[in-house]
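K.L.:
sequence and predicted structure are below.
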Amino acid sequence: MKNRIQVLQRRFKSLGIANFLISRLSNIRWLCGYTGSNGILLVTGRDAYFITDGRYKNQAHEQVKNAHVFIYEPYKSMAESFIRELKINKEINFRGRVGIEALWMNVNFAEHFKSVFPKSDLISTENVVEDLMMVKEKSEITSIRKAVEISDRVLAEVLPMVKPGITENDLSAEITYLHKKYGAQKDAFETIVASGHRSALPHGIASGKKIEKGDIITFDMGCFVDGYPSDMTRTVVLGKATAKQREIYAIVKESQAKAVEAIKPGRKCYEIDSLARKIISDAGYGDKFTHGLGHGLGVEVHSKPALSGLSKTTLKSGMVVTVEPGIYIEGWGGVRIEDDVIVTEDGCEVMNKSPKELIEL
Ligand SMILES: [Mn+2]
């Protein structure tokens with residue numbers, strides 16, 4: 001792992017800041033390796049300080065790289081504890097402009113900080129660390145690849161369990177169990193098993209609904225390996241598919257394939273989204289594809305770049321994105337197909353091996 005804190009420090013000049021307070025835990029993890037659930041990272045021009053509470057003392061000393069570790073004594077609120085610790089350490093000088101992560105900084109913390117360090121100026125920034133993470137290092141891709149392999153294996157093992165009468169929750173519990181059994185840390189998000197009319201919910205988290213013959217069933221699942229996620233969706237039918245189920249499935253499959261075909265360095269994210277969307281719109285279902293085409297995969301399941309109509313980001317070799325078009329028809333059901341894709345030097349590589357023909361169980 002290269003020294004990512006130095007990479008961030010090189011951005012200070014163009015950001016016009018002298019110090020940077022990092023509050024988003026996944027950004028802290030990426031920058032210095034800490035995986036606990038409480039902490040803040042202060043990056044100064046030439047140094048870095050990580051602060052957490054006593055519960056994480058050993059863990060912080062073990063994990064944190066390229067930053068000094070301070071453990072605060074609990075004092076009034078959590079924000080005040082952090083700030084008191086910053087104040088005690090005289091080597092830290094807060095005159096001047098201090099960058100903060102506007103989407104993640106706690107208001108209470110910001111207000112208290114201003115009152116303790118009145119000569120400082122808090123400067124709002126967005127997505128500074130997130131942008132640095134977009135192009136993955138080799139080791140990050142290796143972890144994502146392992147997570148993808150596990151999810152492929154788990155889905156293959158779960159599909160034969162789909163029988164009339166089993167509930168969505170039963171299936172999602174199997175997925176969680178098998179993810180861990182095959183070496184994942186945990187599910188990457190709450191597993192979606194959405195059957196019958198519930199498959200029209202793009203985020204239909206598994207429920208107590210029993211699977212019935214004829215149901216179309218969407219599985220959206222993923223797991224973490226070394227802190228990096230997989231995220232895959234497959235849609236299957238229990239029994240013989242109807243003509244309409246086949247029709248909708250074929251449209252989504254074509255849209256997904258066209259998008260994957262177009263992914264290569266130099267393309268804009270919104271172009272890929274619009275290529276996929278056009279197939280669905282031309283088939284008459286444009287208003288039933290109600291979300292962006294995909295998202296970056298990184299320490300957060302939903303990372304940058306977004307493959308959406310709003311994203312002007314240019315794809316680069318080493319980025320990892322999901323491609324997941326869908327059609328959702330209220331009262332009838334829905335179809336989504338999702339793969340995890342690495343942008344390569346001359347195109348892209350689909351990591352998932354799970355089949356994409358319509359599976360009739
Ligand atoms: Mn996804």
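P.N.:
Cool, the structure landed. None of the values given here were measured: they were computed from a predicted structure. Numbering: from 1, shown residues only.
K.L.:
do I have it right that residue 196 meets residue 332?
P.N.:
No: using Cβ atoms under 8 Å, residue 196 is not in contact with residue 332, being 9.3 Å away. (Each C-beta comes from the backbone N, C-alpha and C, glycine too.)
K.L.:
how about the nearest residue to whichever residue of the stretch 101-250 of the chain sits closest to the ion, chain neighbours excluded?
P.N.:
As assessed by Cβ to the ion, the ion sits closest to residue 231 within the stretch 101-250 of the chain, at 4.1 Å. Spatial nearest neighbour of residue 231, excluding adjacent residues (Cβ to Cβ, 6 or more residues apart in numbering): residue 222 at 4.0 Å.
K.L.:
quick one: contacts for that neighbour?
P.N.:
147, 151, 187-189, 229-232, 301 (Cβ atoms under 8 Å, 6 or more residues apart in numbering).
K.L.:
the ion contacts on the stretch 251-361 of the chain?
P.N.:
Proximity of the stretch 251-361 of the chain to the ion is confined to residue 322 under the rule Cβ under 5 Å from the ion.
K.L.:
quick one, strands of the stretch 251-361 of the chain?
P.N.:
Under the criterion DSSP state E, counting those that start in this stretch, the stretch 251-361 of the chain contains strands at 294-296, 303-307, 320-323, 326-329, 333-336, 339-343, 348-350, 359-360.
K.L.:
same check on the stretch 101-250 of the chain?
P.N.:
Under DSSP E, counting those that start in this stretch, the stretch 101-250 of the chain gives strands at 120-125, 186-187, 192-195, 216-221, 223-225, 228-229, 232-237.
K.L.:
elements contacting the fifth one?
P.N.:
Using 3 or more Cβ pairs under 8 Å, 6 or more residues apart in numbering; DSSP states H and E, the elements in contact with strand 223-225 are helix 138-158, strand 186-187.
K.L.:
any idea which of these is most buried?
P.N.:
helix 138-158 (a mean of 19; mean count of other Cβ atoms under 10 Å).
K.L.:
how far is it from where the chain is centred?
P.N.:
15 Å (Cα atoms, centre = their mean, to the nearest Å).
K.L.:
repeat that for stretch 117-134.
P.N.:
Distance, centroid of stretch 117-134 to centroid of chain: 20 Å (Cα atoms, centre = their mean).
K.L.:
about what we covered before: counting neighbours, what do you get for the residue of the stretch 101-250 of the chain closest to the ion?
P.N.:
The tally of other residues near residue 231 (other Cβ atoms under 10 Å) stands at 25.
K.L.:
again, but for the one 3 residues further on
P.N.:
The burial count assigned to residue 234 is 24, neighbours taken as other Cβ under 10 Å.
K.L.:
show me what it bridges to in the sheet.
P.N.:
residue 219 (DSSP bridges).
K.L.:
if I look at it, how far off is residue 63?
P.N.:
Per Cβ to Cβ, to the nearest Å, residue 234 is found 35 Å from residue 63.
K.L.:
outline the domain layout of the chain.
P.N.:
Domains of the chain are assigned by automatic domain parsing as 4-132, 138-360.
K.L.:
first vs last residue of the last one, how far apart are they?
P.N.:
Looking at domain 138-360, the gap from its leading to its trailing residue is 37 Å under the measure Cα to Cα, to the nearest Å.
K.L.:
for the first one, same thing?
P.N.:
Across domain 4-132, the terminal residues are separated by 9 Å (Cα to Cα).
K.L.:
which stretches of the protein have low pLDDT?
P.N.:
1-2 (pLDDT under 70).
K.L.:
let me know the outermost residue of it.
P.N.:
In terms of distance from the mean C-alpha position of the chain, residue 90 ranks first, at 37.6 Å (Cα atoms, centre = their mean).
K.L.:
count of residues packed around the spatially closest residue to residue 77 that is not a sequence neighbour?
P.N.:
Of all residues not flanking residue 77 in the chain, residue 108 sits nearest, at 6.6 Å (Cβ to Cβ, 6+ apart). Number of residues near residue 108 (other Cβ under 10 Å) recorded here: 12.
K.L.:
check residue 347 too.
P.N.:
Based on other Cβ under 10 Å, the number of other residues close to residue 347 is 15.
K.L.:
against residue 349, how distant is the closest residue to it other than its chain neighbours?
P.N.:
Setting aside the residues directly before and after it, residue 347 is nearest to residue 264 in space (Cβ to Cβ, 6+ apart), at 4.7 Å. Counting by Cβ to Cβ, the gap from residue 264 to residue 349 is 11 Å.
K.L.:
and residue 15, by the same measure?
P.N.:
34 Å.
K.L.:
state the helix or strand in which residue 80 lies.
P.N.:
Here residue 80, judged by DSSP states H and E, is contained in helix 78-88.
K.L.:
hang on, the earlier thing: now do the phi/psi pair for the residue nearest to residue 231.
P.N.:
phi -170, psi 160 (degrees, to the nearest 10).
K.L.:
just how off-centre is the strand or helix carrying residue 49 within its chain?
P.N.:
Per DSSP H and E: residue 49 is located in strand 48-53. Centroid separation between strand 48-53 and its chain, computed with Cα atoms, centre = their mean, is 25 Å.
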